[in-house]
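[1] how would this look folded up:
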Amino acid sequence: MNFSLLLQAQSELDDAYDWYESQASGLGQRFLIEAAHAFGLIQRFPEAWHPLSANTRRCRLKRFPYGVIYAVEGQDIIVIAVAHLHRKPGYWTTRFSSEQDQN
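    Sure thing, here's the model as predicted:
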């Protein structure tokens, strides 16, 4: 399966890394390792996580309050958001539909 992140999701990942790294040296790296682990699990078991809608699912990180919101489209896994789970629930919902309209 092909695996990709929307630009907004990549930006969220980068911002979270920067914030955690500013809190304690190495914490940002631990966040990235946890996110990369989640990405790998999603690639191996794309249907394993809680569906949020007909097209999206969420894989929660274990040690950080983030979830990887993604969609499976044929042979593609598209990460829509790397979302902090305690802020603005559902803010990402328009991202995937607008991507669909462009294709």
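[2] Now the residue most central in space within the chain. Nearest residue, chain neighbours left out?
    Against the mean C-alpha coordinate of the chain, by CA atoms, centre = their mean, the closest residue is residue 68 at 2.6 Å. Nearest residue to residue 68, sequence neighbours excluded (CB to CB, 6 or more residues apart in numbering): residue 59, at 4.6 Å. Heads up, the C-betas are built off the backbone N, CA and C, glycines and all.
[3] how many other residues sit next to that neighbour?
    If you count neighbours by other CB atoms under 10 Å, residue 59 ends up with 21.
[4] what's next to the helix or strand the residue nearest to the centre of the chain falls within, contact-wise?
    For residue 68, the host element (DSSP states H and E) is strand 66-73. Contacts with strand 66-73, where a contact means CB atoms under 8 Å, 6 or more residues apart in numbering, come from 1, 9, 16, 31, 35, 38-39, 42, 46-47, 52, 55-61, 77-85, 92, 96.
[5] Kindly report the same for stretch 36-50.
    Residues contacting stretch 36-50 (CB under 8 Å, 6+ apart): 1, 3, 57-59, 61, 68, 70, 72, 77, 79.
[6] and that stretch, which residues are buried?
    Within stretch 36-50, the residues that qualify as buried are 38-39, 42, 46, 49, counting by 16 or more other CB atoms under 10 Å.
[7] and those, which of them are in helices?
    38-39, 42 (DSSP state H).
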